[in-house]
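A structural model of the following input is requested.
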Amino acid sequence: MASVVVGTAAASSSTSLSTKRRGLRPSRRTLRGAAAAAVAFTAAAASSSTAALGAFSFASAPALTYGAARKGALQGAVDRRRPARAAAKKAAGKKTKVAGDEAGAGSSRTPISGLKVGQELEGTVVQWFFPGGITVDVGATAEGFLEVEEFRDGFPTGTIADTFKPGETIKVRALDLEDYTIAESAKFHLTMRSGDLTRPKRYVGEGIADVTPFLKAQPEDWFDGEVTLMSTWAVFVKVSSPETGKPFVGIVYKEEFRPGSDFENQVIRGGPCRVRVKEVDTECRRLLLTMRDVGDEPPKPEPPAPEEQK
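Okay, the predicted model is just below:
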């Protein structure tokens, strides 16, 4: 792997995502969908169709990435998809079949055109989309999508599966009524954040994202970036190339947040993020960033305790 480390230590890429869940066995259809997603992701990464994809590699997020999901490569790789949806609909006391923007004859569902941005809604969690978010039934003619970065004020805490359970009732607000989400069944976005709902347009890069100009960045060089999206383990920050000025989305792992700052409680999509280059991977077109000062390395994780002798 062609990788260049800027500074004194390589960035850890041990953070990964897993589709395994306790007590679940993926169906053949799910496995085929995951395999197809991996192939689609590899092809997308090779062409670097978005800057977010250019920032990823299987080393940092094997197979399941939000960037790939936003390009439609991950819509089938979901745990307990049908049972979760059916259970959620039953719990909400509503019909299990929902599609389109027009309610059927005698339906009590609200058309999407009848929703308003900022409207407070009560909904039922339908399913997980790793690692992008969850779909929620709010009684409309289509489900809403709650992105990870809209789970709470600041950085999301806990995994998607630990935070929300299918069938659980939650309170949300309508964030926008855009027709496109990463979930086929969802036709608008939701939020659980407080305060202003103003957000920048979701960033999608154009053409091939070139990471090589960042090879010339020095450890003491700082870049003013913009948070484009989040996962439960990192934020993704758009920075400008030091040579061409073209945007590239890099990864800031949670461990690389600036110590002592209130960034974790204040971060929001579209918000500012001042970073340095920590590692440049030209082979996978991945850019690892840090908010820490030069020489301030994150503490190494404690080794696992040896198993007790029986």
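
For this protein, which helix or strand comes out least confident on mean pLDDT?
Of all the helices and strands that make up the chain, helix 51-54 has the lowest average by mean pLDDT, DSSP states H and E, namely a mean of 37.

Please, where are all the strands along the stretch 101-250 of the chain?
Using DSSP state E, counting those that start in this stretch, the strands of the stretch 101-250 of the chain run over 120-129, 133-137, 143-147, 169-176, 186-191, 223-230, 234-240, 247-253.

among the ones you listed, which is nearest Asp153?
Ranking those by proximity to Asp153 (CB to CB) places strand 186-191 first, at 10.0 Å. Quick note: C-beta positions are derived from backbone N, CA and C, even for glycine.

name the helices or strands packed onto that closest one?
Counting by 3 or more CB pairs under 8 Å, 6 or more residues apart in numbering; DSSP states H and E, the packing neighbours recorded for strand 186-191 are strand 133-137, strand 143-147, strand 169-176.

In the chain, where is pLDDT below threshold?
Low-confidence regions of the chain, defined by pLDDT under 70, span residues 1-107, 304-310.

can we see that at 50?
Of all residues in the chain, those with pLDDT under 50 make up the ranges 1, 7-82, 94-106, 309-310.

quick one, domains of it?
Annotated domains of the chain cover 27-77, 81-191, 210-294 [automatic domain parsing].

who wins for proximity to Phe257 among the helices and strands packed on strand 186-191?
Distances from Phe257 to each of these were compared by CB to CB, and the smallest falls on strand 143-147, at 19.6 Å.

Strand 169-176 and the closest one, what's the angle between them?
For the pair strand 143-147 and strand 169-176, the angle between their directions (axes from the mean of the first three to the mean of the last three CA atoms, to 10 degrees) equals 90 degrees.

strand partners of strand 143-147, parallel vs antiparallel please.
In the sheet containing strand 143-147, the strands it pairs with under DSSP bridges are strand 133-137 (antiparallel), strand 186-191 (parallel).

Would you tell me which one of the ones you listed is buried the most?
Mean neighbour counts were taken over the strands paired with strand 143-147 using mean count of other CB atoms under 10 Å, and the top value, a mean of 28, falls to strand 133-137.

what's next to that strand, contact-wise?
Outside of strand 133-137, the residues within contact range by CB atoms under 8 Å, 6 or more residues apart in numbering are 88-89, 92, 94, 98, 123-129, 143-148, 150-151, 160, 164, 170, 172, 182-183, 185-186, 190.

can we see that at 7 Å?
Under the criterion CB atoms under 7 Å, 6 or more residues apart in numbering, residues 88-89, 92, 94, 123-129, 143-148, 160, 164, 170, 172, 183, 185-186, 190 lie in contact with strand 133-137.

between the helices and strands packed on strand 186-191, which one is nearest to Tyr203?
Nearest of the helices and strands packed on strand 186-191 to Tyr203, taken as CB to CB: strand 143-147 at 13.1 Å.

Quick one: residues in contact with the closest one.
The contact list for strand 143-147, computed with CB under 7 Å, 6+ apart, reads 98, 123, 126, 132-138, 172, 181-183, 185-186, 188-190, 192.

the inter-axis angle of that strand versus strand 223-230?
Taking the same axes, to 10 degrees, one finds strand 143-147 and strand 223-230 inclined to each other by 140 degrees.

looking at the strands paired with strand 143-147, which is closest to Lys216?
Checked against CB to CB, the stretch from those lying closest is strand 133-137, at 36.3 Å.

Export that closest one to CSV, keeping only CA atoms.
Output in CSV follows, covering the C-alpha atoms of strand 133-137 (Å, rounded to 0.1, in the frame of the first residue of the first chain):
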residue,chain,number,x,y,z
GLY,A,133,-28.7,6.0,9.8
ILE,A,134,-32.2,4.7,10.3
THR,A,135,-35.6,4.8,8.6
VAL,A,136,-38.6,6.1,10.6
ASP,A,137,-42.3,5.7,10.0
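
between it and strand 120-129, how many degrees?
Angle between the axes of strand 133-137 and strand 120-129 is 130 degrees (criterion: the same axes, to 10 degrees).

Could you look up the SS state of Glu264?
Here Glu264 is recorded as helix under DSSP: H, G, I helix; E, B strand; the rest coil.

what's the nearest residue to it if we skip its chain neighbours?
Leaving out its chain neighbours, the residue that sits closest to Glu264 by CB to CB, 6 or more residues apart in numbering is Phe155, at 4.6 Å.

For stretch 233-246, output the C-alpha coordinates as PDB.
What follows is the C-alpha trace of stretch 233-246 in PDB, where atoms were taken according to Å, rounded to 0.1, in the frame of the first residue of the first chain:
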ATOM      1  CA  TRP A 233     -16.600   6.600  14.700                       C
ATOM      2  CA  ALA A 234     -15.400   9.600  12.600                       C
ATOM      3  CA  VAL A 235     -16.300  12.900  10.900                       C
ATOM      4  CA  PHE A 236     -15.500  13.600   7.300                       C
ATOM      5  CA  VAL A 237     -14.000  16.900   6.500                       C
ATOM      6  CA  LYS A 238     -13.700  18.700   3.100                       C
ATOM      7  CA  VAL A 239     -10.500  20.500   2.700                       C
ATOM      8  CA  SER A 240      -8.900  22.300  -0.300                       C
ATOM      9  CA  SER A 241      -5.800  21.000  -2.100                       C
ATOM     10  CA  PRO A 242      -2.700  23.000  -1.200                       C
ATOM     11  CA  GLU A 243      -1.800  23.200  -5.000                       C
ATOM     12  CA  THR A 244      -5.000  23.100  -7.000                       C
ATOM     13  CA  GLY A 245      -7.600  24.300  -4.500                       C
ATOM     14  CA  LYS A 246      -9.800  21.400  -5.400                       C
END
